[in-house]
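# Just to be clear, the model below is a prediction. Sequence and coordinates:
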Amino acid sequence: MDDTANGVTHEPARFGRELRRRRLAAGLSLADLAGLVHCSRGYLSRIENGHRRVTRELAEGCDDALDAKGQLLGLAPESRNGTTDAPPVRTPGARRAAPTRVGGAVTAQPSRFGAEFDRLLHRGDTSYLAGRMEEADAYYRQAHRWGAADPEAQAVAVVRRARRWSDPGRVDHELLHLVRETLAVLRTREGSEAAGLRLRLGAHLAKKLAMSVSEDTAWPGAGPERGAELARRTLEGLATGGQDDETRCEVLTECRWGLYDFVPAIESLTISLRLRDCALRACSPYFLGESLVALAIDQLRVGRVHGATGTVAEHRRHAARTRSTLARWQQCTLDTLLDLWCGRFDSATDWIFGESREIVAGLEADLAVPADTLLQTRLGQVFWLLREQGRMAELFSSGLADGVERHGYFPVWRAGFALARCEVGDHGEAADRLLALLRETGDCASLPPHGWSVPALVLLAEVCAGLDAHGGYEAELARAVPVLRQALARRPAGIALAGWPVVLVGPTERAMGLLALAEGDTATALGHFRQAERLVVGSSPPQTARLRANEARALLRERGASRRPEALTLLRSALTGAEANGMRLLATECRDLLADNPPTTSPDQPRPHA
């Protein structure tokens, strides 16, 4: 058929055919691609059919989204007479004109800030999704300069810049300055647009302040408590209504993180559920991805592992649709977290020591993403894999322990290092580090009430259990255990999640049981262990094996021999689980306990053969 028939010109038809071919090859629907390039499905359909002329800006977006490496862009016609047939651009954060109907479909119009501003934001968004954060930041900086005459335009660009990842546990001082300056300029601006931007910037400020974990890492005069307070006030401002869905998504996303360490996980889960519903209404790939990660994290923290597994599967479909490098990294991190929890150690090893290492090295070399974010995630998963498999000595022989020490400003890493020392038999140093951390935190008084403090306390409980099992550290345990029991008792039961997310350390009830056992309170310890069973049996074979070994140890310490058979049965079950999952150190501990506690026989019973 002649491309010029029915008003279809040759160039648009050629571009449209290639666009459709590449889109279908990528497994994307028209709606999927339209969401990636911020235009309407109907407009994109007309481009594919050759009935509309594509702009250079949209062609660039399609080329990036389909990874065409310039080949698709090369088919795009140059603009004629200095004019462009501009597509409807959907720019998050910018005020939109009233929608118009085109062919029966509602289509958004370009923002009032101009086509060049929208183009820069779009290019930045595309680079961000591809994992090229430094490149994205450069586009957002250009947009900020382009909008110099309009405070709202500059605020939109600052919101985008504020989304960039920051190093865990540290404050991003550059962004804090920028956000505060922008808020000061907007303070006297009237109108709904300025009000919405103030909410968005306030939410980012709350999160950035809350990122610090100590006075050394905080913004001068404003620690994480200040961030949590600001997050609460910003959420209250959201409750007044009148904001668009994208503003609500931004505020819910950032304020949830601002409150992460200061509200119970169940309250955080409530925000995550609101965020997911809002992201679906906004049809925003960015916020949908953020909401699914947040929801999975909070479901895990409250112990809803099966629900979280479903959310992770939903995120996997989202990552496939968006083809985002960052979404893929988050997906693989979540998959590996669940692999470690479920005992799929071979699968976890493939990611941790394979593609994960390559991605971190590549992004670090390109300065594409704040490298420490990825490094700490990978290091945490390496640490836990080695711990589960009883290979902690490799942490020190490989040099990975240096990475743990370098992040000592984050107390959870110091707790992990104490556990590592305990696991390799250096109990004296483990005890010293345990007591030092308690002194530095004022007997846990300076720890936040929720969030990252929970896995730190659970790891310290594991250290106490190791010292208790080894023996000879009664004085150190007498100093540490009551403090840790009191601190954990103030935190709701659930599963301790280290990182955002990295690994599931285990049920807090099990940690409480370990501490009770170290104090000789076997009845209370058994009660905690049985409460923990509901979270691990059927979902985590490694945790189940550890829990049964803990129960057996508690039963063996009870006076009298009436519960000895039950203890030995539990030990044999723990040994079977440890061997099946390649947990060498736990298997050795179980064998030693079985050897020290042989089955008793009555005078009328024959002794078992050796």
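Okay, I see it. Numbering: from 1, shown residues only.

# Distance of residue 460 relative to residue 482?
According to Cβ to Cβ, to the nearest Å, residue 460 and residue 482 sit 13 Å apart. (Each C-beta comes from the backbone N, C-alpha and C, glycine too.)

# Please apply the same query to residue 405.
From residue 405 over to residue 482 (counting by Cβ to Cβ), the distance is 28 Å.

# again, but for residue 578
When distance is defined by Cβ to Cβ, residue 578 is 31 Å away from residue 482.

# Compare these two and say which is more crowded by neighbours.
Counting neighbours by other Cβ atoms under 10 Å for residue 578 and for residue 482 shows that residue 578 has the greater number, 26 against 13.

# Is the more buried one in contact with residue 593, as I believe?
No - proximity of residue 578 to residue 593 does not meet the contact threshold set by Cβ atoms under 8 Å, at 11.7 Å.

# Could you pull out the residues contacting both of the two?
When contacts are counted by Cβ atoms under 8 Å, 6 or more residues apart in numbering, residue 578 and residue 593 have residue 549 as shared neighbours.

# need the strands for the stretch 451-600 of the chain, in chain order.
When secondary structure is read from DSSP state E, counting those that start in this stretch, the stretch 451-600 of the chain shows strands at 495-499, 502-507.

# and what of the chain?
Secondary structure of the chain (DSSP state E): strands located at 100-102, 105-107, 495-499, 502-507.

# Pull the number of nearby residues for residue 148.
Look at residue 148: counted by other Cβ under 10 Å, it has 9 neighbours.

# Quick check, pLDDT for it.
For residue 148, the model assigns a pLDDT of 91.

# So it is in contact with residue 154, correct?
Yes - in this structure, residue 148 is within contact of residue 154 by Cβ under 8 Å, at 6.8 Å.

# Relative to residue 269, how far out is residue 307?
Remark: distance between residue 307 and residue 269 (Cβ to Cβ) = 10 Å.

# between these two, what contacts are shared?
residue 299.

# neighbour count winner among those two?
Using other Cβ under 10 Å as the criterion, residue 307 and residue 269 rank with residue 269 on top: 22 against 16.

# What is the end-to-end distance of stretch 346-362?
Across its full length, stretch 346-362 reaches 24 Å end to end, with Cα to Cα, to the nearest Å as the criterion.

# got a list of contacts for it?
Where contact means Cβ under 8 Å, 6+ apart, the residues beyond stretch 346-362 that reach it are 329, 332, 335-336, 339-340, 368, 371, 374-375, 378, 381-382, 385.

# Likewise for stretch 384-402?
Contacts for stretch 384-402 (Cβ under 8 Å, 6+ apart): 340, 343, 345, 348-349, 352, 379, 382-383, 404, 417, 419-420, 423-424, 498, 502-503, 505, 542, 581-588.

# Pull out the buried residues from those residues.
Of all the contacts of stretch 384-402 considered here, the ones buried according to neighbour count by 16 or more other Cβ atoms under 10 Å are 340, 343, 345, 348-349, 352, 379, 382-383, 404, 417, 419-420, 423-424, 498, 502-503, 505, 542, 581-583, 585-587.

# Please flag which of those sit within helices.
Using DSSP state H, the subset of these located in helices is 340, 345, 348-349, 379, 382-383, 404, 417, 419-420, 423, 542, 585-587.

# so which of these comes closest to residue 299?
Within these, distances to residue 299 taken as Cβ to Cβ reach their minimum at residue 340, with 16.6 Å.

# List the contacts of the closest one.
The neighbours of residue 340, taking Cβ under 8 Å, 6+ apart as the test, are 348, 381, 384-385, 388, 503-504, 542.

# Determine which two of those are furthest apart.
So, the contacts of residue 340 by Cβ to Cβ: farthest apart are 381 and 542, at 14.1 Å.

# pLDDT averaged over stretch 190-209, what's the number?
For stretch 190-209, the mean per-residue pLDDT is 94.

# actually stretch 52-72, not the one I wrote
Per-residue confidence for stretch 52-72 averages out to 82 on the pLDDT scale.

# cool, and stretch 165-175?
Regarding stretch 165-175, the rounded mean pLDDT is 81.

# Distance from it to the middle of the chain?
For stretch 165-175, the gap between its own C-alpha mean and the chain's C-alpha mean amounts to 15 Å (Cα atoms, centre = their mean, to the nearest Å).

# start to end distance for it?
One end of stretch 165-175 to the other measures 11 Å (Cα to Cα).

# Counting neighbours, what do you get for residue 599?
The local packing of residue 599 (other Cβ under 10 Å) involves 11 other residues.

# Could you check the pLDDT of it?
On pLDDT, residue 599 comes in at 85.

# And the spatially closest residue to it that is not a sequence neighbour, how close does it get to residue 336?
For residue 599, ignoring the flanking residues on the chain, the nearest one in space by Cβ to Cβ, 6 or more residues apart in numbering is residue 568 at 6.2 Å. Distance check for residue 568 against residue 336: by Cβ to Cβ, it reads 35 Å.
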